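**Q** below are the sequence and a predicted model for it; my questions follow.
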Amino acid sequence: GESVGLHLPTLSVQEGDNSIINCAYSNSASDYFIWYKQESGKGPQFIIDIRSNMDKRQGQRVTVLLNKTVKHLSLQIAATQPGDSAVYFCAENMQGGSYIPTFGRGTSLIVHP
Amino acid sequence: ETGVTQTPRHLVMGMTNKKSLKCEQHLGHNAMYWYKQSAKKPLELMFVYSLEERVENNSVPSRFSPECPNSSHLFLHLHTLQPEDSALYLCASRQGSTLNTEAFFGQGTRLTVV
């Protein structure tokens, strides 16, 4: 089965609200996590990453939180904009010859103006 | 522009056709990947090439045949596909020997099998 998965398939928010997208993982030895954004008609693009020796990392309008105790990852987007509408994936680089990016199901974020 | 280019962007093929998908990267990465993305499903890993050698074949049917002639190019040869193979096929590359680096994806090839 998947070691990385998402709780909610769709999240609808109003423009200007904060968004929180959640992700669970099962491999307690996982060391590196990435959030990707996939807009319609495009491939996934890197947003932010975090190592397991951290519990929080901030970027521009985005924050990733890591809770290793419950093996949970979240992506927070501040002041969500229509351009943030996309599918968001969490992923981890799993060991297997080389570090293979392994993805969860994805959450579709819909931002209403 | 991510530095990973896939061609064609769209492909319609019959079940008896043979076609190939192409992926190219000039990012200096040493690992390349094929993923299949179907509607409402996670990205499914198909093949992994590291240093031009196939290191992962994720139980993919033999009608899909990958080829990695050099570290910058990756192909997916398609032969006698089924309608359920219709999907978005994504190529990615990264520095495979390093844990904490992200993958760079192409725009994908939207494949329709008729």
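**A** Yep, it's here.
**Q** does stretch A:105-113 come close to chain B?
**A** Yes. Using Cβ under 8 Å from any Cβ of the partner chain, stretch A:105-113 comes into contact with chain B via A:105-106. Where C-beta positions appear, they are placed from N, C-alpha and C, glycine not excepted.
**Q** residues of that stretch that come out buried?
**A** A:105-109, A:111 (16 or more other Cβ atoms under 10 Å in any protein chain shown).
**Q** from these, which one has the minimum pLDDT?
**A** Across the set of these, residue A:105 stands lowest in pLDDT, at 84.
**Q** host element of residue B:20?
**A** Assigned by DSSP states H and E, residue B:20 falls within strand B:18-25.
**Q** same question, residue A:65
**A** strand A:62-67.
**Q** if we look at the next helix or strand after that strand, which residues are touching it?
**A** Following strand A:62-67 in sequence order, the next helix or strand is strand A:72-77 (DSSP H and E). Here strand A:72-77 makes contact (Cβ atoms under 8 Å, 6 or more residues apart in numbering or on different chains) with A:18-25, A:33, A:35, A:47-48, A:50, A:61-67, A:84, A:88, A:90, A:109.
**Q** so among these, which ones count as buried?
**A** For the contacts of strand A:72-77, buried by 16+ other Cβ under 10 Å: A:19, A:21-25, A:33, A:35, A:47-48, A:50, A:62-66, A:84, A:88, A:90, A:109.
**Q** sec struct for residue A:54, please.
**A** coil (DSSP: H, G, I helix; E, B strand; the rest coil).
**Q** neighbours around it, how many?
**A** Residues near residue A:54, counting by other Cβ atoms under 10 Å in any protein chain shown, number 13.
**Q** which helix or which strand is home to the residue minimising distance to the centre of chain B?
**A** With distances taken as Cα atoms, centre = their mean, residue B:34 lies nearest the centre of chain B, 2.9 Å away. Using DSSP H and E, residue B:34 sits within strand B:31-37.
**Q** partners of that strand in the sheet?
**A** strand B:44-50 (antiparallel), strand B:87-94 (antiparallel) (DSSP bridges).
**Q** which element is encountered next along the chain beyond the first one?
**A** Where DSSP H and E defines the elements, the next helix or strand beyond strand B:44-50 is strand B:53-57.
**Q** what lines up beside that following strand in the sheet?
**A** strand B:44-50 (antiparallel).
**Q** follow-up on the earlier one: between the buried residues of stretch A:105-113, which is nearest chain B?
**A** residue A:105 (4.8 Å; Cβ to the nearest Cβ).
**Q** thinking again about what came up before, now do the strand holding residue A:65: which elements does it pack against?
**A** With contacts taken as 3 or more Cβ pairs under 8 Å, 6 or more residues apart in numbering or on different chains; DSSP states H and E, strand A:62-67 sits against strand A:32-38, strand A:45-51, strand A:56-58, strand A:72-77.
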